[in-house]
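J.: just need the structure, nothing else, for what follows:
(2 chains)
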Protein chains: 2
Amino acid sequence: MKKLGLIAGGGELPVRLARQCVTSGRPLFVLRLKGMADPELAAFDGADVGIAELGKGFSALKGAGCEAVCFAGIVKRPDFSALKPDFRGLKALPGVIAAARHGDDALLRFLLGEFEAEGFSVEGAHDVAAGMTLPRGPLGKLAPGAPHMTDVHKAFHVAGEIGRLDVGQGAVVCEGLVLAVEAQEGTDAMLDRCAGLPETLRGTLDKRRGVLAKRPKPIQEQRVDLPAIGVATVRGAAKAGLAGIVGEAGKVLVLDHAAVAQAADECGLFVYGFDPLDLTADWAG
Amino acid sequence: MKKLGLIAGGGELPVRLARQCVTSGRPLFVLRLKGMADPELAAFDGADVGIAELGKGFSALKGAGCEAVCFAGIVKRPDFSALKPDFRGLKALPGVIAAARHGDDALLRFLLGEFEAEGFSVEGAHDVAAGMTLPRGPLGKLAPGAPHMTDVHKAFHVAGEIGRLDVGQGAVVCEGLVLAVEAQEGTDAMLDRCAGLPETLRGTLDKRRGVLAKRPKPIQEQRVDLPAIGVATVRGAAKAGLAGIVGEAGKVLVLDHAAVAQAADECGLFVYGFDPLDLTADWAG
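T.: Residues are numbered from 1 along each chain as shown, chains lettered A, B, ... in the order given. Predicted coordinates:
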């Protein structure tokens, strides 16, 4: 098993992946991005690097004997003019900036290319920790019923289309109406916004209506930046009065299956994985 | 000139249209939607009706001798289960609800069909008040320059595509990144959200970056619900650090040309009308 260099941005995902490697006995080295990586990651073998210290990062990974890398966690776009790149980072910077002008996906593809050019293979979080994705079917006790399926289809469709535009990975639809589309604000902020819409447009705690769909961008490099569902997603959807959350099975990360299922049951929501082929049949749109 | 029945929802647009009819000498009757229409409209010949009182509305318009109608102003989707329709409204309700499940545009088309079936011709706000739309070229002193054009193209493209999906009529792009897409929250809330994003992603008062594009939905019934730009839009864009606002010339309402131009100049933003053909040439994005 190749030793893994885990390139860790913010949030819970890198911590879970690191623990998973320890559990499964996979050799691990954590490249902690300064100002982003969770402090808990300091407990693992690794090094701290600035986001533009590409040379330092490559050296640390190679020195530790890593052959594969995995990008995980939240990395917000930096102010490129304020970066402090090392020599290797400086060499990559014009390409980074040019790629960034074509959107997030182009930027990530460029960075992956730089790592591959250095000889690393790139693994997705779902490769590192199989079983971390949303399974096909229900997570928890509830499942969408016939009255929800129009919204499920439409939310799935809109999430796919806005992904194709490299806008984002999520959309909320309630009784045919697209309530919100996710861009740079993130899923939690989008759900907050839905909770603030008039009750005539959305569901309520008494009468849940509407669906959040999460999908990877069809165009995207799926080894990085897969969409994720966590307990916060379930609580946010519940607050917005939604009936449930659907996602593309195998292509959406679930940060803690048991906790997400429990939160869904507590809130009375469904969390359900579909294969896109399940949904393309009879939807007239 | 056909007598106009102005069906007035909330906001400034119906007031401006009513004044425009008086100025141009066009006979006018205002159907004020209860709880929505601006109190100023009480000064015009007209009647007050609930949103589901379709029979009462038709009778009032016919009694007043109206042959044409114009839908203007903000009408939020009602809670269909809480409506109090009259007999004619009740007859239309199943069709309304079925159409609503296909989105806002389907709902509006259905309502227009009901008015046309009663013998009214339907005019857009831009028919009633020619010259109320965004002209081609700059409104105010500034115009987008070469560094803005990638964002202009992309924002225009994304706004068109999300319109095709019946999601909304606006998008914000900053240096290739789609910051936000408008759905049910409206343009002002979308711009507030952009202002709340990290400064690395957006422009600032010192260094303006990024563009808001507004376009009608390509699929939409353009006699209702054209997107609009007002002084609040300019102030919101300025607060979000944007370099400017672009819109589809002739297809975006401007609520007060002089005031919008003055606000744009004060804030140091461009407000500029493009024909889509101006923008399709060389954009690879």
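J.: count residues in the vicinity of the closest residue to A:Leu6 other than its chain neighbours, would you?
T.: Once flanking residues are discounted, A:Leu6 sits nearest to A:Val30: 4.9 Å by CB to CB, 6 or more residues apart in numbering or on different chains. For every residue, glycine as well, the C-beta is placed using N, CA and C. A:Val30: 25 surrounding residues under other CB atoms under 10 Å in any protein chain shown.
J.: any idea of the pLDDT on A:Val30?
T.: A:Val30 carries a pLDDT value of 97.
J.: how far away is it from A:Glu40?
T.: Between A:Val30 and A:Glu40 the distance is 10 Å, computed by CB to CB, to the nearest Å.
J.: identify the residue nearest A:Asp188 in space, chain neighbours excluded?
T.: Using CB to CB, 6+ apart, the closest residue to A:Asp188 is A:Gly236 (5.3 Å).
J.: buried stuff in stretch A:207-214?
T.: A:Arg208, A:Arg209, A:Gly210, A:Val211, A:Leu212, A:Ala213, A:Lys214 (16 or more other CB atoms under 10 Å in any protein chain shown).
J.: enumerate the residues of the stretch 151-285 of chain A near chain B.
T.: A:157-158, A:161-162, A:165-168, A:171, A:175-181, A:183-185, A:189, A:193, A:196-201 (CB under 8 Å from any CB of the partner chain).
J.: where does A:Asp48 sit: helix, strand or coil?
T.: strand (DSSP: H, G, I helix; E, B strand; the rest coil).
J.: test my guess that it contacts A:Lys34.
T.: Yes. Here A:Asp48 reaches A:Lys34: they are 5.5 Å apart, a contact under CB atoms under 8 Å.
J.: the two: which is more packed in?
T.: Neighbours were counted for A:Asp48 and for A:Lys34 using other CB under 10 Å; A:Asp48 has more, 17 against 10.
J.: what about that one, distance to A:Lys56?
T.: 9 Å.
J.: please apply the same query to A:Asp105.
T.: 26 Å.
J.: now do the helices in the stretch 1-150 of chain A.
T.: For the stretch 1-150 of chain A, the helices defined by DSSP state H, counting those that start in this stretch cover A:13-24, A:54-63, A:87-100, A:104-117, A:125-128, A:149-164.
J.: make that the stretch 151-285 of chain A, sorry
T.: Counting by DSSP H, counting those that start in this stretch, the helices of the stretch 151-285 of chain A are A:187-195, A:231-239, A:257-267, A:276-279.
J.: contacts for the longest one, please.
T.: Outside helix A:257-267, the residues within contact range by CB atoms under 8 Å, 6 or more residues apart in numbering or on different chains are A:139-142, A:229-231, A:233-235, A:237-238, A:244-245, A:254, A:270-271.
J.: try it again at 6 Å.
T.: A:Leu139, A:Gly140, A:Lys141, A:Val231, A:Val234, A:Ala238, A:Val254, A:Val271 (CB atoms under 6 Å, 6 or more residues apart in numbering or on different chains).
J.: re earlier: deepest-packed of the helices of the stretch 1-150 of chain A, please.
T.: Comparing the helices of the stretch 1-150 of chain A by mean neighbour count (mean count of other CB atoms under 10 Å in any protein chain shown), helix A:149-164 comes out on top with a mean of 22.
J.: just the angle between that helix and helix A:104-117, please?
T.: Helix A:149-164 runs at 60 degrees relative to helix A:104-117, counting by axes from the mean of the first three to the mean of the last three CA atoms, to 10 degrees.
J.: hmm, back to that, let me have the contacts of helix A:257-267 in JSON lines, extended by pLDDT and neighbour count.
T.: As requested, the contacts of helix A:257-267 are arranged in JSON lines below (pLDDT from 0 to 100; neighbours: other CB atoms under 10 Å in any protein chain shown):
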{"residue": "A:Leu139", "pLDDT": "96", "neighbour count": "24"}
{"residue": "A:Gly140", "pLDDT": "95", "neighbour count": "22"}
{"residue": "A:Lys141", "pLDDT": "97", "neighbour count": "10"}
{"residue": "A:Val231", "pLDDT": "94", "neighbour count": "18"}
{"residue": "A:Val234", "pLDDT": "97", "neighbour count": "28"}
{"residue": "A:Ala238", "pLDDT": "97", "neighbour count": "23"}
{"residue": "A:Val254", "pLDDT": "93", "neighbour count": "22"}
{"residue": "A:Val271", "pLDDT": "98", "neighbour count": "29"}
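J.: of those residues, closest to chain B?
T.: Among these, A:Ala238 lies closest to chain B (CB to the nearest CB), at 19.0 Å.
J.: who are the contact partners of that closest one?
T.: Counting by CB under 6 Å, 6+ apart, A:Ala238 has contacts A:Cys267, A:Leu269.
J.: quick revisit: lowest mean pLDDT across the helices of the stretch 151-285 of chain A, which one is that?
T.: helix A:276-279 (a mean of 82).
J.: go through it and flag the buried ones.
T.: Applying 16+ other CB under 10 Å to helix A:276-279 flags A:Leu279 as buried.
J.: and that helix, C-alpha only, in PDB?
T.: The C-alpha trace of helix A:276-279 is given here as PDB (Å, rounded to 0.1, in the frame of the first residue of the first chain):
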ATOM      1  CA  PRO A 276     -28.600   9.300 -11.600                       C
ATOM      2  CA  LEU A 277     -29.900   6.500 -13.800                       C
ATOM      3  CA  ASP A 278     -32.600   6.000 -11.200                       C
ATOM      4  CA  LEU A 279     -33.900   9.500 -11.900                       C
END
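J.: chain center to it: distance?
T.: Here helix A:276-279 is found 21 Å from its chain centre; the criterion is CA atoms, centre = their mean, to the nearest Å.
J.: flag every residue of the stretch 1-150 of chain A that's near chain B.
T.: A:Lys76, A:Arg77, A:Pro78, A:Asp79, A:Arg101, A:His102, A:Gly103 (CB under 6 Å from any CB of the partner chain).
J.: just the buried ones from those?
T.: For the residues of the stretch 1-150 of chain A next to chain B, buried by 16+ other CB under 10 Å: A:Arg77, A:Pro78, A:His102, A:Gly103.
J.: and the residue lying closest to the third one once chain neighbours are set aside, what are its phi and psi?
T.: If the residues on either side of it in the chain are set aside, A:His102 comes closest to B:Gly176, at 5.5 Å by CB to CB, 6+ apart. B:Gly176 adopts backbone torsions of phi 90, psi -10, taken as degrees, to the nearest 10.
J.: where does the stretch 151-285 of chain A dip in pLDDT?
T.: Across the stretch 151-285 of chain A, residues meeting the criterion (pLDDT under 70) sit at A:280-285.
J.: repeat that with 90
T.: A:166, A:186, A:198-201, A:205-206, A:217-226, A:255-256, A:276-285 (pLDDT under 90).
J.: my read is that A:Val271 contacts A:Leu139, right?
T.: Yes. Between A:Val271 and A:Leu139 a contact is recorded at 4.3 Å, counting by CB atoms under 6 Å.
J.: pick out the residue closest to the middle of chain A.
T.: When CA atoms, centre = their mean is applied to chain A, the residue found nearest the centroid is A:Pro227 (2.7 Å).
J.: from what I can see it touches A:Leu212, true?
T.: No. Shown here, A:Pro227 and A:Leu212 do not form a contact pair, counting by CB under 6 Å, at 10.7 Å.
J.: list of residues touching stretch A:147-158?
T.: By CB under 6 Å, 6+ apart, stretch A:147-158 touches A:Pro144, A:Ala171, A:Val173, A:Val178, A:Gly210, A:Val211, A:Ala213, A:Ala243, A:Val246, A:Leu279, A:Trp283, B:Leu165.
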